[in-house]
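here's my sequence, what's the structure:
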Amino acid sequence: MFRAIGDTNPADLLGNVSDRRASLRAQRTGQPVRRTSRPAGRCEGLFWRRITAREAGQIRLGARKYELATKQAGARNGALGSVALEVLDYLTRLIGKDGRLEPSLDYLMGKLRRSRDAVHRALKALRQHGFLDWLRRYVPTGNEGRGVQVQQTSNAYRLSLPERARRLLGRMIGDCPVPDDFAHAREAQAAEIEQQIAALPMRGQMRMKFEDGGIAASMAVIWEGIQRKKERESASRTESMLNSFSKEI
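Okay, the predicted model is just below:
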C-alpha cells in the first residue's frame, strides 16, 4: 500500500535525515589534526633559519648559564631542568645546514632514552623561556574517502637565544640573529621571565645581572646588608613610637 505525500509522517523524514548524516560521518575516515597545524612542506620556508656551529654553541652555553642563574638554593633544577638541557644540546647538533629540524617525539625519546612525558615537558620549558619554537604540521594519508584525509606529523622546530641568556654570555657572544616573527613572542616571554626572576632570592637575581659570579655574590651581600639595616631602623622607629605613646598614656 502506497502512502500519499501528504500523509508522510514527519518523524519518518527526520529519521531519514539522521540516517544520512550518520552515514556521512561514518565515511569520514581522515585522522584528526590539531587546530594550529599547517601542511608539511609548505610552511617551513620562512620559519626555519640556518645557524652556524658558533651560534649553536652559544645557544647551548647560554642555556646552561640560564639554568644556573634561575636555580634557587636547595632546588634540584633551574627554570629549564636537566632534561631540557639534554634535548637542546641534541637539537643544536641535529639541525641541518639549511636550518631543517623536524625530529619526532618518539625519535627524541629513543635517542635520549627519556620518557615521553619528560621530553614533552622539556620541549615546553625550552619554548616558554625562548630557546625553542615550533610549528605543528600535518601530511596527507594517501587514503581515499570522504572528508579530509590527513594525519599529524612531526613538528618543525627552530632554535633561538633569548635576550636574558644573551646577557649572561656577555662579551662571549657575537651577533645571533632572531627571526622577525619571533620578536613579539620573545617580548612576551621576557616579561614573564622578569616576573619569575623577581621572585628569586637576591643572589639568584644578581647572578642574572652580573656575568662574574664573585661580583654577583658581593652585590647580593651588600643588598642584603642594606635590607637588614632598613629593617633594624624600621623596627627602632616603631619601638620609639610605641615608647613615646606609652609615656603619654
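
quick check: E55 vs T92, distance?
Note on E55: its distance to T92, by Cβ to Cβ, to the nearest Å, is 9 Å. All C-beta spots, glycine's among them, are computed from the backbone N, C-alpha and C.

got it, and S234?
Distance from S234 to T92, counting by Cβ to Cβ: 50 Å.

okay, these two: which has more neighbours?
Between S234 and T92, counted using other Cβ atoms under 10 Å, the more crowded position is T92 (20 against 10).

give me the buried positions along the helix or strand hosting G62.
Per DSSP states H and E: G62 is located in helix 53-69. By neighbour count on 16 or more other Cβ atoms under 10 Å, the buried set for helix 53-69 is 55-56, 58-67, 69.

for those residues, give me CSV that also has distance to D133.
Output for those, formatted as CSV (distance: Cβ to Cβ, whole Å):
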residue, distance to D133
E55, 15
A56, 16
Q58, 17
I59, 13
R60, 17
L61, 20
G62, 16
A63, 14
R64, 20
K65, 20
Y66, 16
E67, 19
A69, 22
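
closest to G142 out of those residues?
Comparing these against G142 with Cβ to Cβ places A56 closest, at 35.8 Å.

could you measure from the nearest residue to the closest one once chain neighbours are set aside over to V33?
Leaving out its chain neighbours, the residue that sits closest to A56 by Cβ to Cβ, 6 or more residues apart in numbering is T92, at 4.0 Å. Distance of T92 to V33, given as Cβ to Cβ: 28 Å.

cool, and Y66?
Taking Cβ to Cβ, one finds Y66 at 33 Å from V33.

got it, and D98?
25 Å.

which one of the two has more residues nearby?
Shown here are D98 and V33; by other Cβ under 10 Å, V33 has more neighbours (18 against 10).

burial measure for I222, as a count.
12.

what does I226 give?
For I226, the count of nearby residues is 10 (other Cβ under 10 Å).

state the helix or strand in which it lies.
Counting by DSSP H and E, I226 is found in helix 213-248.

ok, now A165?
Counting by DSSP H and E, A165 is part of helix 163-169.

put the alpha carbons of that helix into PDB.
Output in PDB follows, covering the C-alpha atoms of helix 163-169 (Å, rounded to 0.1, in the frame of the first residue of the first chain):
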ATOM      1  CA  GLU A 163      67.800  38.100  25.500                       C
ATOM      2  CA  ARG A 164      68.400  37.000  29.100                       C
ATOM      3  CA  ALA A 165      70.700  34.200  28.100                       C
ATOM      4  CA  ARG A 166      72.400  36.600  25.700                       C
ATOM      5  CA  ARG A 167      73.200  38.900  28.500                       C
ATOM      6  CA  LEU A 168      74.600  36.100  30.700                       C
ATOM      7  CA  LEU A 169      77.000  35.300  27.900                       C
END
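
which secondary structure elements does it sit against?
Packing partners of helix 163-169 (3 or more Cβ pairs under 8 Å, 6 or more residues apart in numbering; DSSP states H and E): helix 53-69, helix 180-198, helix 202-209.

the first one packs against which elements?
Spelled out, it's helix 53-69. Where contact means 3+ Cβ pairs under 8 Å, 6+ apart, helix 53-69 is packed against helix 82-94, helix 163-169, helix 202-209.
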